[in-house]
Each structure stands twice: as structure tokens, then as C-alpha cells.
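Colleague: Next come a sequence and a model predicted from it.
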Amino acid sequence: MTTLTTLDGGTVGLGPELDALARDLTGTLVRAGDAEYDDARALWNAVTERRPAAIVRCATTEDVRRCVLLAAEHRLLVAVRAGGHNVAGTAGVDGGLVIDLGRMRDVVVDPVARTARVAGGARLGDLDAATQQHGLATPAGVFSDTGIGGLGLTGGIGWLRRRYGLTCDNIVGATLVTADGTVHEVDEHSDPALLRGLRGGGGNLGVVTELVLRLHPVGPEVYVGFVIHRADRALEVLRTFRDWTADLPDEVSAMAVLGAAPEDDAVPAELAGQPCVIVLACSTDLDRGPELLAPVRDLPDPAADLSGVMPYVELQQIFDADYPTGMRYYWRSLHLPQLSEEALRRAVDQMHRRPSALSTIDLWHLGGAMSRTAAPETVYGDRSAPFLVGIEANWTDAADDDANVRWARACAADLDDLSTGREYLNFPGFQEGGQGTLRAAHGEEAYEHLRALKRRLDPHNLFRLHQNVAP
């Protein structure tokens with residue numbers, strides 16, 4: 001007999017029911033006490049450790065459907081795991097059931113239609129490897145082990161954002177298992193209202209076992225800017241970054257990172273691990289890349305310049321070593337209407353206050369294609385802000401949890417009065433902002449659209465652990 005937590009906070013014992021589920025699965029059922037349990041329950045963010053009662057490692061959409069029916073029948077507290085990289089730890093649940101899509105990683109590319117059918121547990125690296133064989137890509141994140149499902153359903157800001165939009169903008173179809181066990185094949189013709197809700201609405205409406213993504217010609221090589229300056233030059237560099245981004249063409253997506261200099265043969269040994277500012281940029285126009293990135297590369301006396309031509313798949317992996325599974329993370333975000341002198345000064349000041357050298361303050365330049373998507377097509381929310389501040393507290397020792405979370409929250413509070421009041425829902429802290437954060441992020445009309453979909457598809461709020469817009 002296995003005891004599971006229910007939606008109302010009670011418990012229910014399931015023995016024969018789980019045994020029957022295990023017999024019918026193509027995948028496998030893992031229970032607390034099984035040899036593989038600790039591996040199966042582990043999440044990317046060690047701060048968000050969870051101990052579910054049962055984990056189903058699904059192999060098919062039918063596996064998922066059976067899990068959903070069991071959860072609905074017994075009103076089980078259920079989490080859905082794609083890549084398991086949500087910073088808030090929503091891919092796990094204490095005492096409940098985890099529907100794990102991690103073994104469903106197939107990517108099938110149609111190079112003629114320029115689409116990819118992507119299984120619910122696929123990672124960015126799986127997607128890039130398959131699409132780049134055809135010189136194609138879809139906008140995604142900047143860390144190749146991220147699950148494409150969780151990232152894309154909630155937004156998806158990456159190196160192609162200004163050229164081709166967000167990941168969610170490029171979702172043209174999906175397979176969705178809803179709370180009553182129905183399998184929906186969703187596209188622009190079958191259910192456009194539901195497709196809109198999946199474009200930026202998070203994992204709130206059911207379990208997405210497959211996405212169909214629009215692809216674009218990219219690569220195989222791009223031009224990458226990667227320039228490092230010492231921290232005492234930070235304000236000068238950030239002013240140049242601000243002025244340079246004012247009229248950038250869509251082919252260039254850029255960010256400035258306030259953090260620590262990496263260990264690299266091209267970086268002076270005495271600077272490695274010390275505070276610095278790094279300007280990173282991707283130009284999909286390979287020929288014009290050096291010209292387009294010249295203003296930030298021509299600043300005098302850089303500590304290191306690692307710019308040059310790079311395969312797109314390598315660019316997608318450039319941050320992989322910085323975000324290992326099992327490290328500790330707490331991330332927040334704010335949108336800024338401008339990089340004012342005051343915003344730059346506060347950001348630099350907060351860089352020097354961070355308790356961990358692994359932490360960063362990232363200034364993402366937005367705009368371009370992602371700002372031109374018409375609001376009725378997605379529920380992502382307002383796209384008018386030209387900059388996103390990503391506040392990343394990253395550290396290794398559990399004893400330092402409080403200090404690092406306090407720093408990230410203080411940084412967000414320090415910049416809040418300069419912001420639009422919106423957060424990026426893939427950098428949600430521990431979701432402590434609740435419905436107020438969701439309303440602000442989506443906007444009132446999109447938020448009500450999601451509520452209406454929730455009432456239709458999940459009226460009892462079975463799927464409530466992600467960014468939950470309740471019915």
C-alpha cells in the first residue's frame with residue numbers, strides 16, 4: 001500500500017490501483033523505497049527537493065492518460081515533469097504523484113513544412129541536434145538541458161528572440177491530455193482558443209505530450225560576440241550597450257551580464273572569478289556580424305574578447321557548465337522600460353552585494369520579432385518593454401540559502417520602482433507572488449482567457465502546481 005496526498009491535503013492509500021497501473025504502462029512506476037527512487041525524484045534545483053509518493057516515468061501519451069485518470073479518480077496531488085528545470089520546483093511534489101515525461105524525447109523534423117514534432121520530455125539539445133541537420137531552428141532558451149515543454153509553454157527567451165520571436169510564438173500544434181483523460185490534438189484550426197492558451201499559459205491546462213514547432217533557417221554557424229570587461233568599467237560598458245541596442249536590427253539578440261569572469265585560457269588568470277561585465281550577442285547574419293557587433297567590441301581595453309564564428313549548437317551550450325543539476329538556484333525577473341542611469345547604477349551596486357560569485361544580474365535586450373506578435377495570438381502578455389532583468393542567485397551550500405534568496409529579493413525590490421511591474425514567468429522565484437504576479441504578467445484579458453479555458457478543461461483544478469490560473 002502506498003499513501004498519497006490528495007488535493008484537499010488529506011491522504012489516500014493505493015495498492016492494487018498502482019499495481020494495475022504499473023502492469024498497463026509502457027513506461028515504469030517508481031515508488032518511495034525503490035532502488036531508483038532518489039534518481040527519479042531529483043530535480044535540477046537542489047533547493048526545491050521533493051519526496052513524491054510515486055513517480056511514473058511515462059513512455060507514451062497513453063501512459064500519461066492512464067496517470068491522469070488515476071489522479072482524477074482519487075483526487076491526487078499531481079505534478080508534471082518535462083525537463084525538471086523549473087526554478088520553483090513545480091516538477092516535483094511532496095507525497096503526491098509525478099507524471100514524468102523525461103523518457104519521451106523524440107524530435108521528428110519535416111524540413112519541407114519547416115516544422116518539428118517534439119515529444120514532451122525533449123530538451124533543447126535534442127531539438128537543436130535534430131533541426132540543425134537541416135539548417136533549421138526554433139527560438140528556445142540558452143541552456144541545452146532545459147526541457148522544451150516547460151520553457152516553451154511559459155515563454156521561451158533565447159538567442160533568436162528578436163529574429164523569430166519566443167518559443168511560445170512558434171507553437172503551431174500540440175497533443176494535450178486534459179483532466180478528464182481526453183487526448184486533444186490542438187492546432188490553429190481545431191481549437192484556436194486552446195492553442196492560444198498553450199502559447200504562454202504554462203502547464204496549467206493539462207499534460208502536453210507533444211508540441212509542433214515552427215522552424216526557421218538558422219546556421220549552421222552564427223556570429224557571436226563575447227567581450228569581458230573588468231568591473232570598474234561596468235557603467236561605461238553598460239552605457240555603450242544601452243546606446244548600441246537602441247537601433248539594432250532584428251538579426252542581433254544581445255545581453256549584458258554582471259557577474260564573475262569565467263576561467264578560460266583567453267581570460268587573464270587574475271581576473272577569473274572576479275566581478276566583471278560581459279556583453280554577449282548573437283548575429284544570425286554571419287556576413288554582417290562583425291560590423292553589427294563592432295560598437296561593443298571596439299570599447300578600449302577589454303579583459304578578453306572571445307568573439308567569432310561559432311556553430312549554433314555550440315552557442316546553445318555555452319552556459320551549460322554554469323548550471324549543473326544539483327546546484328542551488330533562486331531566480332527573479334523584472335521588465336524595464338529603459339536602461340536609465342539609475343537602473344544601471346543600482347544593478348552594478350547589487351552585483352557587488354551578491355553573496356555568491358556564481359550569481360549574476362542579466363540585462364536582456366528584447367524587442368524585434370518578439371515585440372510584434374499580436375496579443376490575441378498568445379497569452380504571454382505585454383511585450384513592449386525593451387529590457388528584461390534576470391536576477392540569478394546561484395550557489396552550492398545549503399547553509400547559504402537564506403543569504404542568497406535575500407539578496408535576489410533585495411535586488412528585485414531595489415529595481416522594482418523602475419520596472420513595468422511584470423515578471424517573466426520562467427524566472428518566478430518560488431511563485432510567492434501568486435495570482436497578482438500572474439495577472440500582471442499575462443494582462444487582464446489574457447488572464448481571463450486562461451480562466452475560461454481552465455473552467456472548460458480542468459474545473460476541479462487538478463493541475464495546480466505550475467503557474468496556476470485557478471478556475
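Modeller: Noted; the coordinates are in hand.
Colleague: Can you tell me the closest non-neighbouring residue to the residue most central in space within the chain?
Modeller: For the chain, the residue sitting closest to the mean C-alpha position, by C-alpha atoms, centre = their mean, is L151 at 3.7 Å. Using C-beta to C-beta, 6 or more residues apart in numbering and skipping residues adjacent in sequence, the residue nearest L151 is G141, 5.1 Å away. Any C-beta I mention is one placed from the backbone N, CA and C, and that applies to glycine too.
Colleague: Reduced to three states, what does the one you found come out as?
Modeller: Under DSSP: H, G, I helix; E, B strand; the rest coil, G141 falls in the coil class.
Colleague: same deal with T175?
Modeller: strand.
Colleague: Got the confidence number for it?
Modeller: T175 is assigned 98 on the pLDDT scale.
Colleague: count of residues packed around it?
Modeller: The number of residues packed near T175 is 20, by other C-beta atoms under 10 Å.
Colleague: what about the closest residue to it other than its chain neighbours, helix or strand, and which?
Modeller: The shortest distance from T175 to any residue that is not its chain neighbour, by C-beta to C-beta, 6+ apart, is 4.1 Å, and that residue is E210. Under the criterion DSSP states H and E, the helix or strand holding E210 is strand 207-214.
Colleague: Figure out how far the helix or strand of the chain with the lowest mean pLDDT is from the centre of its chain.
Modeller: Within the chain, confidence by mean pLDDT, DSSP states H and E is lowest for helix 434-442 among all helices and strands, at a mean of 90. Computed by C-alpha atoms, centre = their mean, to the nearest Å, the separation of helix 434-442 from the middle of its chain amounts to 17 Å.
Colleague: what's it packed up against?
Modeller: The criterion is 3 or more C-beta pairs under 8 Å, 6 or more residues apart in numbering; DSSP states H and E, and the helices and strands that helix 434-442 contacts are helix 444-457.
Colleague: now the helix it packs on against helix 434-442, angle please.
Modeller: For helix 444-457 against helix 434-442, the angle by axes from the mean of the first three to the mean of the last three C-alpha atoms, to 10 degrees is 120 degrees.
Colleague: Using neighbour counts, pick out the buried residues of helix 444-457.
Modeller: Neighbour counts over helix 444-457 (16 or more other C-beta atoms under 10 Å) mark 446-447, 449-450, 453-454, 457 as buried.
Colleague: Once you drop chain neighbours, what's closest to R451?
Modeller: Of all residues beyond its chain neighbours, the one nearest R451 is V469 (5.6 Å), with distances taken as C-beta to C-beta, 6+ apart.
Colleague: H184 now?
Modeller: Nearest non-adjacent residue to H184, counting by C-beta to C-beta, 6+ apart: L176, 4.5 Å away.
Colleague: Ok, V405 next?
Modeller: The shortest distance from V405 to any non-neighbouring residue, by C-beta to C-beta, 6+ apart, is to Y330 (4.9 Å).
Colleague: hang on, the one you found packs against D402?
Modeller: No - no contact is recorded between Y330 and D402 when judged using C-beta atoms under 8 Å, the distance being 10.5 Å.
Colleague: neighbour count winner among the two?
Modeller: Comparing Y330 with D402 by neighbour count (other C-beta under 10 Å), the higher total belongs to Y330, at 25 against 10.
Colleague: Work out for me the element the more buried one sits within.
Modeller: Counting by DSSP H and E, the secondary-structure element that holds Y330 is strand 328-336.
Colleague: That strand - contacts with which helices or strands?
Modeller: With contacts defined as 3+ C-beta pairs under 8 Å, 6+ apart, strand 328-336 has these neighbours: strand 387-395, helix 401-416.
Colleague: so how far is the shortest one from its chain's centroid?
Modeller: On the basis of C-alpha atoms, centre = their mean, the separation between the geometric centre of strand 387-395 and that of its chain is 13 Å.
Colleague: what helices or strands is that strand leaning on?
Modeller: Strand 387-395 makes packing contacts with strand 328-336, strand 360-365, helix 401-416 when contacts are defined by 3+ C-beta pairs under 8 Å, 6+ apart.
Colleague: Identify each buried residue in the last one, please.
Modeller: Using 16+ other C-beta under 10 Å as the burial criterion, the residues of helix 401-416 that qualify are 404-405, 407-409, 411-412, 414-415.
Colleague: For stretch 181-199, give me every contacting residue.
Modeller: Around stretch 181-199, the neighbours that count as contacts under C-beta atoms under 8 Å, 6 or more residues apart in numbering are 61, 65, 68-69, 72, 153, 168-169, 171-178, 205-206, 208, 212, 376-380, 449-450, 453, 457.
Colleague: export that stretch as PDB, just CAs?
Modeller: As requested, C-alpha coordinates have been extracted for stretch 181-199 and formatted as PDB (Å, rounded to 0.1, in the frame of the first residue of the first chain):
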ATOM      1  CA  GLY A 181      -8.300  11.900 -19.700                       C
ATOM      2  CA  THR A 182      -9.300  13.300 -23.100                       C
ATOM      3  CA  VAL A 183      -6.400  13.500 -25.600                       C
ATOM      4  CA  HIS A 184      -6.700  16.700 -27.600                       C
ATOM      5  CA  GLU A 185      -4.900  17.300 -30.900                       C
ATOM      6  CA  VAL A 186      -4.700  21.100 -31.000                       C
ATOM      7  CA  ASP A 187      -3.900  23.400 -33.800                       C
ATOM      8  CA  GLU A 188      -5.000  26.700 -35.300                       C
ATOM      9  CA  HIS A 189      -8.000  25.000 -36.900                       C
ATOM     10  CA  SER A 190      -9.200  22.500 -34.400                       C
ATOM     11  CA  ASP A 191      -9.200  24.700 -31.300                       C
ATOM     12  CA  PRO A 192      -7.500  28.100 -31.700                       C
ATOM     13  CA  ALA A 193      -8.600  29.400 -28.300                       C
ATOM     14  CA  LEU A 194      -6.900  26.400 -26.600                       C
ATOM     15  CA  LEU A 195      -3.800  26.800 -28.800                       C
ATOM     16  CA  ARG A 196      -3.600  30.500 -27.700                       C
ATOM     17  CA  GLY A 197      -3.800  29.300 -24.100                       C
ATOM     18  CA  LEU A 198      -0.900  27.000 -24.600                       C
ATOM     19  CA  ARG A 199       1.200  29.800 -26.100                       C
END
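Colleague: In that stretch, which of the residues would be classed as buried?
Modeller: By neighbour count, and taking 16+ other C-beta under 10 Å as the criterion, the buried residues in stretch 181-199 are 181, 183-184, 186, 191, 194-199.
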